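Chemist: predicted model follows, preceded by the sequence.
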Amino acid sequence: MTSPTAIPATASPQVEFISLSHLNPSTELNPVPSRGIDLPYFRKYVRSLEESGYDYTLLPYGSNSADSFVIASAVGQLTERLRPIVALRPNTTIPQVGAQKLATLDQLTEGRAVVHLISGGNDAEQARHGDYLPKDRRYARTSEYIDLLRRSWSETGPFSHEGEFFKFDDFGPGFRPYGHTIPISIGGQSDAAFQVGGAKADIFSFWGEPLADLRAEIDRVNGIAAAAGRTDRPRIWVTFRPIIAKTDDLAWRKAFDYVTKLEKTYSAGGPPARFLTGAPQNVGSQRALDFAQRAEIYDRALWTRTAAATNAAGASTALVGSPETVAAAILDYVDQGASLVSIRGYDTLADAVDYGQHILPLVRQELAHRAATGQRGTLQDAHPGALTPGFDPAALAGLR
Ligand SMILES: Cc1cc2nc3c(=O)[nH]c(=O)nc-3n(C[C@H](O)[C@H](O)[C@H](O)COP(=O)(O)O)c2cc1C
């Protein structure tokens, strides 16, 4: 029998924290009709992430969003340590130019650049930029793109290429990154995403899933990596939208209040409703909605009502509880092998600061304890959250 203090064999010994950057104070709880950049807010947001101890910030990309490269460059100049993760759709930038832009960002930030390749989960959204390939072909293009990014960063002389999607002559050597390469992450949950990510990505990313499902997906990524002859394995990134308060009861009260507000926001048609209605085409959102349909709560703190309320249009599943319960829930995912944890609240800036103060230190303290003693600490056992027998969140929140 394994000892209750044994560290699971699948556990990651380290974890780094990501939070998506917001450009203005608009939130899904309280939408402000402005799509622009509020510069003082953005500066404050990014600096708060750095001061709060986050390691990375994701700069998302869509056909009507700000440009993720320009924003990443600003993040680099506003911070000393925080690493910008540029969401990049291969249809928007030829690979040699993508490599050049990323290497420039890497030099400007002295080695902090990361790229998150988005193959595109929605045909209509891709068509807005003139991309008419079906999704499987988009992933095949991403696969060729990854090879060309890496060659552009590493080839010491000129090279030519004739592939299915890209053709050029006599390119190179390209502009070099600051370090020897730049980490490449893959977002997406379709079979094609797994094939490309498992075979080629440095990082494979998920939205928050039940633990058993995530474990199976990690095994799948690792199996594909092994079959591709890799000796390393992609790092696993998992994303949540935590809802925290001083106690579990108060957090559940807040969670029910938030979901009412989210339902109001999304039923009113905004924010950008035209991207969000109807059955989603991307498997990531389909999975999130399926989990929501099967159960409202999974494991210690995973709550799916927020996914149902938002049509799972982006990362939407919550972790609900006190900072201790949510930190313990994050450790459950670390135990499954996640080494990158993205947390972004529904109350964006206030939550980023709160997590930095109350969650990051608890998770890091537990990992430091494990490193020092070779054993698990008590945090997970002491804060069972929804694993408590007879757990009823509505009763806890005073709703029944
Ligand atoms: C952590 C994470 C971040 C993502 N960021 C973006 C983004 O910035 N822009 C976007 O269009 N899709 C984003 N996505 C969604 C998918 O990566 C993308 O649409 C993908 O092609 C979905 O297709 P699939 O799930 O069917 O494979 C993200 C997904 C994950 C897991």
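Modeler: Yep, it's here.
Chemist: so residue 214, which state does it fall into?
Modeler: Here residue 214 is helix, with the state taken from DSSP: H, G, I helix; E, B strand; the rest coil.
Chemist: hang on, residue 292 packs against residue 308?
Modeler: Yes - using Cβ atoms under 8 Å, residue 292 is in contact with residue 308, at 4.1 Å. C-beta: built from backbone N, CA, C; applies to glycine.
Chemist: is it true that residue 66 touches residue 21?
Modeler: No - with contact defined as Cβ under 8 Å, residue 66 does not reach residue 21; the gap is 9.9 Å.
Chemist: who has more neighbours, the two?
Modeler: A side-by-side neighbour count of residue 66 and residue 21, using other Cβ atoms under 10 Å, places residue 21 first with 25 against 19.
Chemist: what's the closest non-adjacent residue to the residue of the chain positioned farthest from its centre?
Modeler: Taking Cα atoms, centre = their mean, the residue of the chain most remote from its mean C-alpha position is residue 170, at 36.4 Å. Counting by Cβ to Cβ, 6 or more residues apart in numbering, residue 170 lies nearest to residue 158, which is 4.8 Å off, once chain neighbours are set aside.
Chemist: give me the element the residue in the stretch 1-150 of the chain positioned nearest to the ligand is part of.
Modeler: Ranked by Cβ to the nearest ligand atom, the top residue of the stretch 1-150 of the chain for proximity to the ligand is residue 121, at 2.8 Å. Counting by DSSP states H and E, no helix or strand carries residue 121.
Chemist: residues contacting the residue lying closest to it once chain neighbours are set aside?
Modeler: Residue nearest to residue 121 in three dimensions, not counting chain neighbours: residue 282, with 2.7 Å by Cβ to Cβ, 6+ apart. Residue 282 sits next to 121, 122, 188, 189, 190 when contact means Cβ atoms under 8 Å, 6 or more residues apart in numbering.
Chemist: count of residues packed around the last one?
Modeler: By the measure other Cβ under 10 Å, the count of residues near residue 190 is 20.
Chemist: how near is residue 70 to residue 112?
Modeler: 16 Å (Cβ to Cβ, to the nearest Å).
Chemist: please identify which of those two sits among more neighbours.
Modeler: residue 112 (23 against 12).
Chemist: so who does that one touch?
Modeler: Contacts of residue 112 by Cβ under 8 Å, 6+ apart are 76, 81, 82, 83, 84, 106.
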